[in-house]
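In: No letters, just coordinates:
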């Protein structure tokens, strides 16, 4: 019903930059927030940043000075600009969305959370 497709991951050197993109599609009625999480090997998935309808943003403390989230929930797009990358930023980055879908047969709204398939970011020499 809902697809989140990420792009933009890859290999960067320490101090370098990458930009991630995520596009949402499907039977979306409205979006409450879109954002990015990451999961490094052997660690729990953690919030990187999210943007809510209306433009409010949240960041993990360790990333707020280097990463910038942008996008437009109405356009169903979210981006993550990552600057001054560090080796510890190496992880799989997942796009996340909190949204309503509409069943047009029954006119029923359903709120749920959706995840993209993940995109690998590797920071290394």
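Out: That came through fine. Just so it is clear, the model here is predicted, and its values are computed rather than measured. Numbering: from 1, shown residues only.
In: what ranges do the strands span in the protein?
Out: Assigned by DSSP state E, the chain shows strands spanning 2-7, 10-12, 18-26, 28-39, 46-52, 57-59, 67-72, 77-82, 91-103, 108-115, 119-123.
In: Each with direction, which strands does the third one pair with?
Out: Strands flanking strand 18-26 in the sheet, each with its direction: strand 2-7 (antiparallel), strand 77-82 (antiparallel) (DSSP bridges).
In: And the average pLDDT for the last one is what?
Out: For strand 77-82, mean pLDDT is 97.
In: how much space is there between residue 45 and residue 118?
Out: Residue 45 is 10 Å from residue 118, where distance means C-beta to C-beta, to the nearest Å. All C-beta atoms are positioned from the backbone trio N, CA, C, and that covers glycine.
In: Pick out whichever of those two has more residues nearby.
Out: Taking other C-beta atoms under 10 Å, residue 45 and residue 118 do not tie; residue 118 has more neighbours (18 against 15).
In: Quickly note the distance from that one to residue 79.
Out: With distances taken as C-beta to C-beta, residue 118 is found 16 Å from residue 79.
In: just residue 42 next, same as before
Out: Residue 42 is 28 Å from residue 79, where distance means C-beta to C-beta.
In: Give me the common contacts of residue 45 and residue 118.
Out: Common contact partners of residue 45 and residue 118 (C-beta atoms under 8 Å, 6 or more residues apart in numbering): 39, 94.
In: Might one say that residue 8 is in contact with residue 17?
Out: No: contact criterion C-beta atoms under 8 Å: residue 8 and residue 17 do not qualify, at 10.7 Å.
In: Looking at those two, which is more packed in?
Out: residue 8 (16 against 12).
In: Now render the strands paired with strand 18-26 as a markdown table, adding distance to residue 66 and mean neighbour count.
Out: A markdown table is the format used below for the strands paired with strand 18-26 (distance: least, C-beta to C-beta, whole Å; neighbours: other C-beta atoms under 10 Å):
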| stretch | distance to residue 66 | mean neighbour count |
| --- | --- | --- |
| strand 2-7 | 19 | 16 |
| strand 77-82 | 7 | 21 |
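In: Before I go, just wanted to say thanks for your time.
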